[in-house]
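Asks: structure, please.
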Amino acid sequence: MSFTMKILRAGLMAGVAVFVSVSGAAAGASSPADANARLQSLESEISSLQAEVQDLKRSQSQQYADLRQQSQGAGDVRLSLNGGKPVLKTADGAFSFEPRLMVQYDTAYYAQGEMPAGIDFSSGSNFRRARFGADGTLFTDWAYEFIYDFGGSGVEGTSITSAYIQYNGLAPFHFRIGAYAPPESFEDTTSPTDFLFLERAQPTDVARSIAGGDGRDAATVFAYGDNYFAALSYTGSVVGTGAQFDEQQALVGRAAYRLVNTGDANLALGADASYVFRLPDIAPGPNSPNGISLSERPELNVDDNSIRLVSTGTLLADKVWHWGAEAAGNWRSLYGQGGYYNIHVNRTGGLGDASFAGWYAQASWVLTGEARTWNPARGAFSAPKPADPFTLGHAGTGAWEIAARYSVLDLNDNAGIALLPTPAGGVRGGEQKIWTAGISWYPNTAIRFMLDYQHTDVNRLDPLGASLDARLDAVSLRTQVAF
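Replies: Okay, the predicted model is just below:
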């Protein structure tokens, strides 16, 4: 029965009651007691009808509100700020758009000691990273990201850092395809905004360059929870790589587990590996050789000449693999992390296989008491968030962190001894040892300043056994804005 019919019925009953009362009084046919009884009965029915009318009003009002929410939910777009980052999202959460920004401006002074002839590091400044893009969700279960990097130094050019789509509808499993950095280690999956120092430790940087790294063509399946992270990727070449004659093909795997998870302490162990089963051809043609070159900068990328003091040169090979083991954790504001890596090259051309290794250990202490926190989605630790931010309206202390690191990268294999030529099949890539100390100030979650000092010591022989040793000291400053 409609709302209008209810009203008409209530009015009719009221009219009947008045008519009966008047007619009974005029005719004198009924006693006062009978008239009162009839009136009470009619009043009871009227009260019941009025209650039904109120229930109907409430029901229709709720239905109207539900219909309005359904009609507007998908179309309404809300703007919010998440840690200073603007976020556009529909009311139902099915679609979102989050702009991304990472600008790292580095300045460095190189003090050269012993150095091979013709090597001269260039002091100066550059934009190490100047990344712009966006990420978000599509139709609830899909995610996307596109990041382009306008920074770099020397021979490095602007390129795509990340461009992928991802399906999240089968959590905890996720599926990603595109160009990005496939998950490989604690250092690899840590965001560049959260590094302890300006650059990753040299052994991890070499390991990730084999089959991973930014802008790598890849397809990945990964899963994570509060205490675990696991990923397996199929990878190709890096976006923007020069002409290749058949693209590299490889597998990259990673697993991490947080053994300790208390309010004050965390401890996680990790393992990673990559296997290149198809190296790119060096030249066109069906019988082209395949090869790989391993080299590394002295954990600082300001020099415009992109100088590498240690390098294997091109090794003719058909397969390459590496494995690594790491540990990372914190106790309150103290943090520590370290790892070991081994790289094996299956050489061709009648040469024996070659193996290389490296390791690192680093630690930090947040002087203001904040802690580095575990990020389950990355399976790594993130930078501390200032408890007392520094803003225009409030001169807070921000967060202050001091850190130290020692790393070793050995690219020698059967290198022989000084003054003698390289033994048959030997590789004189050199051994690079680096001490680094640094201090960081986080005024707030979007801005960071980093001051590092590092000492690099290289021991290396040329093919004839002469010294290519090098000594280098550097002071560097990074100004970072990111959200």
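Asks: tell me how many other residues crowd residue 393.
Replies: 5 (other C-beta atoms under 10 Å). Quick note: C-beta positions are derived from backbone N, CA and C, even for glycine.
Asks: could I get the pLDDT score of it?
Replies: Looking at residue 393, its pLDDT reads 86.
Asks: now swap in residue 38 and tell me
Replies: For residue 38, the predicted pLDDT is 69.
Asks: same thing with residue 221?
Replies: We have a pLDDT of 98 for residue 221.
Asks: OK, contacts around it?
Replies: Counting by C-beta atoms under 8 Å, 6 or more residues apart in numbering, residue 221 touches 173, 174, 175, 176, 231, 232.
Asks: where's the spatially most central residue of the chain relative to residue 480, distance?
Replies: Taking C-alpha atoms, centre = their mean, the centroid of the chain lies closest to residue 191, which sits 5.3 Å from it. Distance of residue 191 to residue 480, given as C-beta to C-beta, to the nearest Å: 11 Å.
Asks: kindly report the same for residue 374.
Replies: Distance of residue 374 to residue 480, computed by C-beta to C-beta: 22 Å.
Asks: need the residues that contact the helix or strand hosting residue 293.
Replies: Using DSSP states H and E, residue 293 falls within strand 291-296. Applying C-beta under 8 Å, 6+ apart, the contact partners of strand 291-296 are 202, 205-206, 209-210, 276, 279, 282, 308, 310-317, 320, 343, 345, 356, 409, 411, 429, 432.
Asks: quick one: which of these sit in helices?
Replies: Among the contacts of strand 291-296, the members falling in helices (DSSP state H) are 202, 205, 206, 209, 210.
Asks: which residues touch the last one?
Replies: Going by C-beta under 8 Å, 6+ apart, residue 210 touches 250, 274, 276, 292, 294, 320, 322, 343.
Asks: in terms of pLDDT, where does the residue nearest to it when sequence neighbours are not counted sit?
Replies: In space, and not counting its chain neighbours, residue 210 is closest to residue 274: 5.3 Å by C-beta to C-beta, 6 or more residues apart in numbering. Listed pLDDT for residue 274 reads 98.
Asks: also residue 115?
Replies: Residue 115 is assigned a predicted lDDT (pLDDT) of 97.
Asks: over to residue 52?
Replies: Listed pLDDT for residue 52 reads 72.
Asks: give me the number of residues near it?
Replies: 15.
Asks: my guess is it is in a strand, correct?
Replies: No. Per DSSP: H, G, I helix; E, B strand; the rest coil, residue 52 lies outside any strand segment and is helix.
Asks: okay, and the beta partners of residue 295?
Replies: residue 311 (DSSP bridges).
Asks: how many residues are close by it?
Replies: By the criterion of other C-beta under 10 Å, residue 295 has 18 neighbours.
Asks: distance of it from residue 413?
Replies: Taking C-beta to C-beta, one finds residue 295 at 14 Å from residue 413.
Asks: am I right that residue 386 falls within a helix?
Replies: No. Per three-state DSSP, residue 386 lies outside any helix segment and is coil.
Asks: what pLDDT does the nearest residue to it once chain neighbours are set aside get?
Replies: Spatial nearest neighbour of residue 386, chain neighbours left out: residue 399 (4.1 Å); criterion: C-beta to C-beta, 6+ apart. Listed pLDDT for residue 399 reads 98.
Asks: go on, the one 10 residues further on?
Replies: According to the per-residue confidence, residue 409 scores 98 in pLDDT.
Asks: do the same with residue 285
Replies: 80.
Asks: among the contacts of residue 221, name the ones in strands.
Replies: 173, 174, 175, 176, 231, 232 (DSSP state E).
Asks: filter those residues to the buried ones?
Replies: Among the ones in strands among the contacts of residue 221, those scoring as buried are 174, 176, 231, 232 (criterion: 16 or more other C-beta atoms under 10 Å).
Asks: this structure - how does it break down into domains?
Replies: 3-73, 98-482 (automatic domain parsing).
Asks: make a markdown table out of these and add distance to residue 79.
Replies: Converted to a markdown table, these look like this (distance: least, C-beta to C-beta, whole Å):
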| stretch | distance to residue 79 |
| --- | --- |
| domain 3-73 | 16 |
| domain 98-482 | 11 |
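Asks: and those, which is most packed in?
Replies: Comparing these by mean neighbour count (mean count of other C-beta atoms under 10 Å), domain 98-482 ranks first with a mean of 18.
Asks: what is the end-to-end distance of it?
Replies: Start-to-end span of domain 98-482 (C-alpha to C-alpha, to the nearest Å) is 13 Å.
Asks: make CSV from the ones in helices among the contacts of strand 291-296 and add distance to residue 127 and pLDDT to it.
Replies: Formatted as CSV, those follow (distance: C-beta to C-beta, whole Å; pLDDT from 0 to 100):
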residue, distance to residue 127, pLDDT
202, 22, 98
205, 19, 97
206, 24, 98
209, 21, 96
210, 26, 98
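Asks: secondary structure element for the residue nearest to residue 210?
Replies: With DSSP H and E as criterion, residue 274 is part of strand 265-278.
Asks: packing partners of that strand?
Replies: Applying 3 or more C-beta pairs under 8 Å, 6 or more residues apart in numbering; DSSP states H and E, we find strand 265-278 packed against helix 186-189, helix 202-211, strand 249-261, strand 310-331.
Asks: that concludes my questions; thank you for your assistance.
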